[in-house]
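Visitor: With the input below, show me the fold.
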Amino acid sequence: MPADRLSTVFSALSDPTRRAILSKLALSGETSVTALAKPFRMSLPAVSKHLKVLEDAGLISRARDAQWRPARLQAAPLKEVSDWVGSYRRFWEQRFDRLDNYLQQLQKKEKENGRPKRSK
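Guide: Next up is the predicted model:
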């Protein structure tokens, strides 16, 4: 995934309204702008602007059926974001493993020195 596309997707995901729209689409599938706008205190044009940002990021697609323009989740960019974030998982797991080893060494030293364990 090119960095510019990744930035576009992260930018689209940075807004809580857009994340809520994606959640709703994930649960309901294809949904109209009116239905997507219902839980928010904003106008239909404002919701349409959010949908445009999501569409530009490739996170949704919109169809046209007469007057009805349903939106549908496109999950591929989310998988790409997950893969990118996942590349840092090994780094964090190694850090947590080192921290765990250090804490075990401290506990061992406390037992060897006869210090009582601290209660929580």
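
Visitor: who touches the residue nearest the centre of the chain in this structure?
Guide: Centroid-nearest residue in the chain: Leu13, 6.7 Å away (criterion: Cα atoms, centre = their mean). By Cβ atoms under 8 Å, 6 or more residues apart in numbering, the residues touching Leu13 are Arg19, Leu22, Ala57, Leu59, Val81. (Glycine included, C-beta is placed from N, CA and C.)

Visitor: ok, and the most crowded of these?
Guide: Neighbour counts for those (other Cβ atoms under 10 Å) peak at Leu59, which has 25 neighbours.

Visitor: That one touches Leu73, doesn't it?
Guide: Yes - counting by Cβ atoms under 8 Å, Leu59 does reach Leu73; the two are 7.1 Å apart.

Visitor: and for these two, which residues touch both?
Guide: Leu22.

Visitor: any idea how far Glu93 lies from Phe10?
Guide: Applying Cβ to Cβ, to the nearest Å, one obtains 23 Å for the distance of Glu93 from Phe10.

Visitor: same thing with Leu36?
Guide: From Leu36 to Phe10 the distance is 21 Å (Cβ to Cβ).

Visitor: More neighbours: those two, which one.
Guide: Leu36 (23 against 13).

Visitor: separation between His37 and Phe91?
Guide: For the record, residue 37 is Ala, not His. 41 Å.

Visitor: Could I get the buried residue list for stretch 74-90?
Guide: Residues Gln74, Pro77, Leu78, Glu80, Val81 are the ones in stretch 74-90 that count as buried (16 or more other Cβ atoms under 10 Å).

Visitor: need these in a markdown table with secondary structure and distance to Leu99, can you?
Guide: Output for the buried residues of stretch 74-90, formatted as a markdown table (DSSP: H, G, I helix; E, B strand; the rest coil; distance: Cβ to Cβ, whole Å):
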| residue | secondary structure | distance to Leu99 |
| --- | --- | --- |
| Gln74 | coil | 38 |
| Pro77 | helix | 33 |
| Leu78 | helix | 30 |
| Glu80 | helix | 30 |
| Val81 | helix | 27 |
